[in-house]
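1. structure of the sequence below:
(chains A and B)
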Amino acid sequence: MKQSVLNRRNVSVAVLLAPMVLLLTCFLVVPVLGLLRSSFLPGSEFLAGNGFSLTQYVRFFSDSYYSSVLMETFVDGLIVSVVCLVIGFPTGYSLARLSPSARRWRTMIVILPLTLSLVVVVFGWLIILGRNGLINSLFVRIGVFSSPKTLLFNRVAVTVVLVQQFLPFMILSVMSVVTQIHPVLEQAAANLRANRFATFRRVIVPLAMPGVLVGFNLVFVLSISAFITPRLIGGARVAMLGSLIYERIMSELNWPSGAAMAFVLFVSGLGFTAALNALAGSHLITKGRGNAL
Amino acid sequence: MRSDLVDHVMTVFGAVVRGLVYSMLALPAILVVASSFTSSDTMSFPPTGLSLRWYKKAFDSEVFMSALWTSTYVAVLVSIIALAIGFAAAFAINRFSFRGKMFLQGLAFSPLIVPAVVLGIGLLQLFAWLDLTQTIYPLLLGHLVLAIPYVVRTVLASLSLHDQMLEQAAMNLRATPVQVIRRITLPLILPGLLSAAIFAFVTSFGNVTVSAFLTYGGNVTLPVQIFTYVNTSYDPVAAAVSTLMIIVTLAVILTVERLIGAERLA
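-> Have a look, this model is predicted:
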């Protein structure tokens, strides 16, 4: 009797989970593995190609152009994540401490760019930074610029736009973790004569670390794989790995090379975030112990 | 005294940062809407004149309208299918204990950590190999994969929030499991389910990073159409079409806000 109940339970669990497992296996795991396979093809064809070699990877890492693009992509990703953290933390923190009614419209502003299509947001930035755009006409009118300047097509513009796009992820991650930190802890710190900075450093930051890490990783991975923004805002002058891959696949139709680049991006991104998490994790444990004593 | 100064600096810094952040987040969308009503032939800000000519041009444009249709069609299908698949999985994860639960939960959220470029190219290659690139399946299945994490998360949140005592009471009154789900669980988490479906809809409707690789038979989604259009030309038609997207997205956010409160989305 008990056996059959158990079996029925197992069957229903399996039936409930099967569609999702099937979907994600066939259309997430299999495509990624297929791409991995293609990246080991020697030529530039993938449907007709066969064989197994490290040609694409050797070519990527031996060409100094690609390694410099990889480097720049990572540096850019780091800058974007750090800026998002610095300006996203205070915003997320204050959102968490607001009353629900005050929080409402602010949360909507944070969520809008997240749900809105990326191209629309980028298009908005073209209006801000364009030759006849908001900043140029404003600065020419008040006399900062004597004539309109080219504000697009440089790395700073790409970084600024990426920060705006991915900032909501940081704000929301910080907000969700800070709502779980009881305000009583801050009052206790204040009673112990800690100023706001000490409270922030010794109480808030350690407790908010998990949310910060989630936000940081998300922003970093999204930034290094961006290709729409670098193409439209950066143009041909700003090379990022994502736009290079897009070009390689969609214009040059060189699949094995594009696949290898995509995998370098994927694996190095994963490696970086894993290292960061390990570092922050061990730091957190030792520091947490120190603070507790 | 010193601590007063630190407190003061932090308060001012926080206020300035928040002001900047909120205006920076809202500005692009506001400017797109504002410049879509221009009457001039080129994009410029501040816009000159006021007219609806670019909307007329957008609605008359075959490419934009067919792209809008493709986007809507795919997004509706995705939200229905993703809700069914995601609800089933979230229900199993929330209500049953079984081995490998953590692994399955990780699997459900894994689309979030795979870069869009990797997923896009991978799917394009898979469907090229299956010789199905001229069908709607690549787009549909790609968007389904992307929508799953949002649906599972939203449904899991509403399942774990509501009171399970009601279900146990129904069980004690000899209701069958199917009756319990249909009469108790589903009505209770209905707002969560609707939000999950809506979230799947926006995920699909707005996506460009994966869709850019999955155009089929000349059919593209609206964001991809805007992307290709903006890539080559720069006129207010794109602003008018983008405004349509902003209106749809805003309507959706407001609906979800009504249903479950906006912060629960995040």
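
2. contacts made by the helix or strand harbouring A:Ala102 with the rest, please.
-> According to DSSP states H and E, A:Ala102 maps onto helix A:100-115. For helix A:100-115, the external contacting residues (Cβ atoms under 8 Å, 6 or more residues apart in numbering or on different chains) are A:91, A:95, A:98, A:121, A:164-165, A:167-169, A:171-172, B:22, B:25-26, B:28-29, B:202, B:206, B:249-250, B:252-254, B:257, B:261-263, B:265-266. Glycine gets a C-beta too; all of them are placed from N, C-alpha and C.

3. what is the helix or strand following it packed up against?
-> Where DSSP H and E defines the elements, the next helix or strand beyond helix A:100-115 is helix A:118-129. If you count contacts as 3 or more Cβ pairs under 8 Å, 6 or more residues apart in numbering or on different chains; DSSP states H and E, helix A:118-129 packs onto helix A:134-142, helix A:155-178, helix A:228-229, helix B:2-36, helix B:222-232, helix B:236-260.

4. can you say which of those is nearest to B:Val63?
-> helix B:222-232 (6.1 Å; Cβ to Cβ).

5. is the closest one in proximity to chain A?
-> Yes: using Cβ under 8 Å from any Cβ of the partner chain, helix B:222-232 comes into contact with chain A via B:Leu222, B:Pro223, B:Val224, B:Ile226, B:Phe227, B:Val230, B:Asn231.

6. please indicate which of the residues you listed are buried?
-> For those, a burial check counting by 16 or more other Cβ atoms under 10 Å in any protein chain shown picks out B:Leu222, B:Pro223, B:Val224, B:Ile226, B:Phe227, B:Val230.

7. tell me the two of those residues that are most distant?
-> B:Leu222 and B:Val230 (12.3 Å).

8. quick check: residues of the stretch 51-200 of chain B near chain A?
-> With the criterion set to Cβ under 8 Å from any Cβ, the stretch 51-200 of chain B comes near chain A through B:84-86, B:88-89, B:91-93, B:96, B:98, B:104, B:107-108, B:110-119, B:121-126, B:128-129, B:141-142, B:144-145, B:148, B:152.

9. using PyMOL, define a selection of the buried residues within the residues you listed.
-> Buried members of these, defined by 16+ other Cβ under 10 Å, are picked up in PyMOL with:
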select buried, chain B and resi 85+86+88+89+91+92+93+104+107+108+110+111+114+115+116+117+118+119+121+122+123+124+125+126+141+142+144+145+148+152
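
10. which of the residues of the stretch 51-200 of chain B next to chain A fall in helices?
-> B:84-86, B:88-89, B:91-93, B:104, B:107-108, B:116-119, B:121-126, B:128-129, B:141-142, B:144-145, B:148, B:152 (DSSP state H).

11. so where's the stretch 51-200 of chain B uncertain?
-> Low-confidence segments of the stretch 51-200 of chain B (pLDDT under 70): none present.

12. circling back to that earlier point, got TSV for the helices and strands packed on helix A:118-129, with distance to A:Glu247 and mean pLDDT too?
-> Listed next are the helices and strands packed on helix A:118-129 as TSV, based on distance: least, Cβ to Cβ, whole Å; pLDDT from 0 to 100:
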stretch	distance to A:Glu247	mean pLDDT
helix A:134-142	29	89
helix A:155-178	16	93
helix A:228-229	13	92
helix B:2-36	25	87
helix B:222-232	12	89
helix B:236-260	22	88
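
13. quick check: the residue of chain A nearest chain B.
-> Going by Cβ to the nearest Cβ, chain B is nearest to A:Gly124 of chain A, at 2.4 Å.

14. what's the longest helix in chain A?
-> Per DSSP H, chain A has its longest helix at helix A:255-292.

15. what pLDDT, on average, does that one get?
-> If you average the pLDDT over helix A:255-292, you get 79.

16. could you give me the buried positions within it?
-> Neighbour count says helix A:255-292 has A:255-266, A:269, A:272-273, A:276, A:280 buried, by 16+ other Cβ under 10 Å.

17. near chain B, from the residues you listed?
-> A:Trp255, A:Gly258, A:Ala259, A:Ala262, A:Phe263, A:Leu265, A:Phe266, A:Gly269.

18. I'd guessed the first one sits against B:Trp129; true?
-> No: checked against Cβ atoms under 8 Å, the pair A:Trp255 and B:Trp129 is beyond contact range at 10.8 Å.

19. wait, does stretch A:199-209 make contact with chain B?
-> Yes: interface with chain B: stretch A:199-209 contributes A:Phe200 (Cβ under 8 Å from any Cβ).

20. just checking, A:Ser94 touches B:Arg18?
-> Yes: counting by Cβ under 8 Å, B:Arg18 is a contact partner of A:Ser94 at 5.9 Å.

21. and those two? Which one has more around it.
-> A:Ser94 (21 against 17; other Cβ atoms under 10 Å in any protein chain shown).

22. if we can go back for a sec, can you redo the residues of helix B:222-232 next to chain A as a markdown table with distance to A:Asn10?
-> Below are those laid out as a markdown table (distance: Cβ to Cβ, whole Å):
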| residue | distance to A:Asn10 |
| --- | --- |
| B:Leu222 | 44 |
| B:Pro223 | 42 |
| B:Val224 | 43 |
| B:Ile226 | 48 |
| B:Phe227 | 46 |
| B:Val230 | 52 |
| B:Asn231 | 52 |
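
23. name the nearest residue to B:Leu126, sequence neighbours excluded.
-> A:Pro31 (4.6 Å; Cβ to Cβ, 6 or more residues apart in numbering or on different chains).

24. returning to that earlier point: any idea which of the helices and strands packed on helix A:118-129 is most buried?
-> helix A:228-229 (a mean of 26; mean count of other Cβ atoms under 10 Å in any protein chain shown).

25. name the next helix or strand downstream of that helix, please.
-> Next element after helix A:228-229 (DSSP H and E): helix A:241-250.

26. helices or strands next to that following helix in the packing?
-> Using 3+ Cβ pairs under 8 Å, 6+ apart, helix A:241-250 is in contact with helix A:64-97, helix A:255-292, helix B:116-129.
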